[in-house]
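*Asks:* Pasted the sequence and its predicted model underneath.
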Amino acid sequence: MTETIDERKKVYDVAKHFDNAMLVTIAASGNPKARPMHVARVDEDLSNIWFLTSKESGLAEDVSRQSTVLLVFQNDNSAFLSLRGKARIVEDQPKIHQLWKEPYKVWFPRGADDPDIALIGVDPVDAEYWDNRGVNKLEYLFETAKAYFKGERPNLEDRDRHAKTSL
């Protein structure tokens with residue numbers, strides 16, 4: 001049980017540093033469709049990852065039809081996160097105001113009160129992360145260099161750097 005709690009905290013620690021994600025849905029054709037999305041917020045308890053969208057968008061249609069989504073995050077070459085979850089459309093004006101940022105006005109010119117705005121809340125189900133930030137980066141570089149010179153594969157079994165986990 002402790003390992004799951006620690007991994008959930010680790011996933012949050014990695015996720016909270018991303019500004020953008022590729023949000024992959026299943027389109028009406030049955031094919032996956034990826035869209036770059038700005039992350040409005042990652043809840044500290046990892047209960048939801050929030051995005052803003054248009055109520056009339058293809059994204060809203062896809063989520064309404066099929067709630068399973070994939071979020072893919074990448075930060076330079078130091079952190080990666082793949083997260084599968086259940087998405088839903090949320091129409092909650094106070095929450096929209098809470099998450100609103102001025103740059104969203106490009107997509108919603110009428111501001112936070114634009115009647116076309118909806119939220120997408122993604123409840124994570126499972127995740128896989130690769131975290132090579134900070135000390136992990138130094139350890140990763142050391143392990144890969146050592147493996148290179150030995151002609152072996154690197155030992156990257158440290159759960160702080162890489163793990164698959166159910167959430």
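*Replies:* Cool, the structure landed. On a predicted model such as this, the values are computed, not experimentally measured, just so you know.
*Asks:* With adjacent residues omitted, what lies nearest to residue 32?
*Replies:* Closest residue to residue 32 apart from its sequence neighbours, by Cβ to Cβ, 6 or more residues apart in numbering: residue 24 at 5.3 Å. For the C-beta atoms, the positions are set from N, CA and C on the backbone; glycine is no exception.
*Asks:* give the contact list for the one you found.
*Replies:* Residues near residue 24 by Cβ atoms under 8 Å, 6 or more residues apart in numbering: 32, 33, 34, 35, 69, 70, 71, 72.
*Asks:* I'd like to know which of those residues are part of strands.
*Replies:* Taking DSSP state E, the ones among the contacts of residue 24 that sit in strands are 32, 33, 34, 35, 69, 70, 71, 72.
*Asks:* still on that earlier bit, wait, is the residue nearest to residue 32 part of a helix?
*Replies:* No. According to DSSP: H, G, I helix; E, B strand; the rest coil, the state of residue 24 is strand, so it is not within a helix.
*Asks:* ok, the ones in strands among the contacts of residue 24 vs residue 43, which is closest?
*Replies:* Residue 43 lies nearest to residue 71 out of those, by Cβ to Cβ, at 13.7 Å.
*Asks:* Around residue 166, how many other residues sit close by?
*Replies:* Other residues lying near residue 166 total 11 when counted by other Cβ atoms under 10 Å.
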